[in-house]
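In: give me a 3D structure for the following:
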Amino acid sequence: MSVAKPGRIAYINARVVDPASGFDGKGEVLTSGQEILDVGPKLFDGKAPADTQIVDCEGMCLAPGLVDMRVQLREPGEEHKESLKSAGEAAVAGGVTTMVCLPNTNPVVDDEPTLEFVARRARQLALTKVYCYGAVTKGLQGKELAEMGLLSKAGALAFTDATRAVADAQVMRRALQYAATFGLMIVQHPEEPTLAGGVMNAGEIATRMGLSGIPREAEIIMLERDIRLTAMTGGRYHAAHISTADSVEIIARAKKQGLNVTCDTAPFYFSLNELAVGDYRTFAKLSPPLRNEQDRQAIVAGLKSGVIDAIASDHAPHDQDSKRLPFPQAAFGGSGLETLLAVSLDLFHNGDMPLIEVMRRLTSAPAKLLGLEAGRLARGQKADLVIFNPDEGWKVIADAFKSKSKNSPFDGRPVQGRVLRTVVDGRVVYDVLGAAQAPARRAAKA
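Out: Numbering: from 1, shown residues only. Next comes the predicted model:
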């Protein structure tokens, strides 16, 4: 593969995986400038059009770029933890071409100028595409509703108080009612704050380690309440990073009732359990906390059944000073952008889900939830692509991340699935092979 500027490019000899159309097989993709001109199993019959650059994918997977619907960017306000530039570099290294950032910056994204600042900075950097959530309440304080209508017009895709739950039932009721008049989605961090004073999952392991626990019921109770409020208001509700077996059952029941309810989870919750905390590993201190093995298996089952709609990285970057502390004092959160694809592919390699279904949760499903024209390969769509080898093994080395944040609970973990090239609007923004390396790689294979 050689690095190319936007132009007429034919990607040949690829395994095209497009969940939106249901196609998974040998195929070709033709792009011109920023757009996809055509996609199909046999576009050229071995003869590409004139003045077209050929990219031989050598049997690797070619899919829509990943759409990550839950990312904390830290800019503006905490650029020492992460910046739009470092997050963008991490995103494209992980195959993410679209990400949606939470509003818990400083200042909070609860007004138009802050939202427009983030959008403008992202355009200047020209890496991955960045969209914003707006805050549900002013200052994320859970009291007074933000101007959701104005924020929506300015480009906010949905509304959330980020890592804080909207705890007041009356405020949540009003938010759902107000958002419903505009057809907007409320995204909740489902955790009852009065039960969330601990530092890891409540249970035998927390007791043995002498750590205060966060009971599973903190998530379950909040979800039960919110589903009732959704039924009362006719609103549109999305539960973020669900982590318990009961949560899967609650969401499944709400969907059967015809409520406009969806949810996502993160790789942390289907790939790890509370044992990862191990010897007080603060990199595994997450919010919600890692649960027990039965909950982990239930999250996998929820993904398989389709109850869980999407997978998001839940990227929560921190500096070393925030994590290299005694466990109770360390910050919650883990870095997830660069491991999103590889860890999610565990679901495929373990036989839990077909590859196309794993990719659906990472591409077309989150794009559909957020109303984005992304996550699919089709004529006229933007040329946002990822080429990856689903079988190539590597070891997660957090110190090698593009992200400023090295706080990964997957540090040292062997994974399968390496991103080879990421393309945004037809531009190659990440390529591990490069023009000089491609001939050597082909010669080594011969």
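In: residues contacting Ala154?
Out: Applying Cβ atoms under 8 Å, 6 or more residues apart in numbering, we find Ala154 in contact with 112, 115-116. Glycine gets a C-beta too; all of them are placed from N, C-alpha and C.
In: the lengthiest helix in the chain - what's its average pLDDT?
Out: Determined from DSSP state H, the single longest helix within the chain is helix 217-233. Over the span of helix 217-233, the pLDDT mean works out to 98.
In: residues making contact with it?
Out: 165, 169, 172-173, 176-177, 180, 188, 190-192, 195-196, 235-237, 239, 242-244, 246-247, 250-251, 253-254, 257, 259-261, 288.
In: so which of those sit within strands?
Out: 188, 236-237, 239, 261 (DSSP state E).
In: most surrounded residue in those residues?
Out: Tyr237 (28 neighbours; other Cβ atoms under 10 Å).
In: am I right that it is in contact with Met185?
Out: Yes - here Tyr237 reaches Met185: they are 7.4 Å apart, a contact under Cβ atoms under 8 Å.
In: how about the secondary structure of Met404?
Out: Quick fix: residue 404 reads Lys, not Met. Under DSSP: H, G, I helix; E, B strand; the rest coil, Lys404 falls in the coil class.
In: rewinding a little: nearest to Leu62, of the ones in strands among the contacts of helix 217-233?
Out: Distance to Leu62, by Cβ to Cβ, is smallest for Ala239 among the ones in strands among the contacts of helix 217-233, at 32.0 Å.
In: Val29 is in what secondary structure piece?
Out: Element membership for Val29, per DSSP states H and E: strand 23-32.
In: what are the buried residues along that strand?
Out: 24, 27-32 (16 or more other Cβ atoms under 10 Å).
In: before we move on, the earlier item: so how do I select the buried members of the contacts of Ala154 in PyMOL?
Out: Of the contacts of Ala154, the buried ones go into a single PyMOL selection, burial set by 16+ other Cβ under 10 Å:
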select buried, resi 112+115
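In: among the contacts of Ala154, which ones are in helices?
Out: Short answer: these in helices (DSSP H) are 112, 115-116.
In: just the residues you listed now: which is nearest Gly94?
Out: Nearest member of the ones in helices among the contacts of Ala154 to Gly94, counting by Cβ to Cβ, is Leu115, at 24.3 Å.
In: quick check: that closest one vs Glu28, distance?
Out: Distance of Leu115 to Glu28, given as Cβ to Cβ, to the nearest Å: 39 Å.
In: and Thr282, by the same measure?
Out: Following Cβ to Cβ, the distance that separates Thr282 from Glu28 is 47 Å.
In: how about Asp279, secondary structure?
Out: coil.
In: would you mind measuring from it to Met209?
Out: 9 Å.
In: do the same with Ile311
Out: 29 Å.
In: swap in Glu58?
Out: Glu58 sits 48 Å away from Met209, going by Cβ to Cβ.
In: same deal with Ala63?
Out: Taking Cβ to Cβ, one finds Ala63 at 41 Å from Met209.
In: more neighbours, these two?
Out: Comparing Ala63 with Met209 by other Cβ under 10 Å, the one with more neighbours is Ala63, at 28 against 17.
In: leaving out the residues flanking it, which one is nearest to the more buried one?
Out: Among residues not flanking Ala63 along the chain, Val17 sits closest, at 4.4 Å (Cβ to Cβ, 6 or more residues apart in numbering).
In: show me what counts as buried in the helix or strand encompassing that neighbour.
Out: Per DSSP H and E, Val17 falls inside strand 8-18. Using 16+ other Cβ under 10 Å as the test for burial, strand 8-18 gives 8-12, 14-18.
In: what of stretch 372-382?
Out: 372, 374-377, 381-382.
In: coming back round to it: quick one: contacts of the helix or strand just after the strand holding Val29?
Out: Using DSSP H and E, the helix or strand that follows strand 23-32 in sequence is strand 35-40. For strand 35-40, the surrounding residues in contact (Cβ under 8 Å, 6+ apart) are 8, 16, 18, 27-31, 377-383, 426.
In: mind checking what helix or strand follows strand 35-40 in sequence?
Out: strand 53-56.
In: so what does that next one touch, helix or strand wise?
Out: strand 8-18 (3 or more Cβ pairs under 8 Å, 6 or more residues apart in numbering; DSSP states H and E).
In: could I get the CA-only coordinates of the strand it packs on as CSV?
Out: What follows is strand 8-18, C-alpha atoms only, in CSV (Å, rounded to 0.1, in the frame of the first residue of the first chain):
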residue,chain,number,x,y,z
ARG,A,8,-9.3,8.4,-7.9
ILE,A,9,-8.3,5.3,-6.0
ALA,A,10,-9.3,1.7,-6.5
TYR,A,11,-9.0,-0.6,-3.5
ILE,A,12,-8.8,-4.1,-4.9
ASN,A,13,-8.4,-7.6,-3.5
ALA,A,14,-10.1,-6.8,-0.3
ARG,A,15,-12.5,-8.6,2.0
VAL,A,16,-15.2,-5.9,2.0
VAL,A,17,-17.2,-5.9,5.3
ASP,A,18,-20.1,-3.5,5.1
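In: what is the orientation angle of that strand with strand 35-40?
Out: Calculated by axes from the mean of the first three to the mean of the last three Cα atoms, to 10 degrees, strand 8-18 forms an angle of 60 degrees with strand 35-40.
In: how far off strand 23-32 does strand 8-18 point, in degrees?
Out: Going by the same axes, to 10 degrees, strand 8-18 makes 160 degrees with strand 23-32.
In: run through who's touching strand 8-18.
Out: With Cβ under 8 Å, 6+ apart as the criterion, strand 8-18 contacts 23-32, 37, 39, 41, 43-44, 48-49, 51-64, 355-356, 359, 376-378, 385, 387, 426.
In: could you give the separation of that strand from the chain centroid?
Out: Strand 8-18 sits 24 Å away from the centroid of its parent chain (Cα atoms, centre = their mean, to the nearest Å).
In: what distance do you get for the closest residue to Ser32 other than its chain neighbours to Ala50?
Out: Spatial nearest neighbour of Ser32, excluding adjacent residues (Cβ to Cβ, 6+ apart): Arg8 at 4.8 Å. Using Cβ to Cβ, we find Arg8 at a distance of 9 Å from Ala50.
In: could you do Tyr280 as well?
Out: Distance check for Tyr280 against Ala50: by Cβ to Cβ, it reads 63 Å.
In: which of these two has more residues huddled nearby?
Out: A count of neighbours by other Cβ under 10 Å puts Tyr280 above the other of Tyr280 and Ala50, at 16 against 6.
In: correct me if wrong: the more buried one contacts Phe327.
Out: Yes - counting by Cβ under 8 Å, Tyr280 does reach Phe327; the two are 4.5 Å apart.
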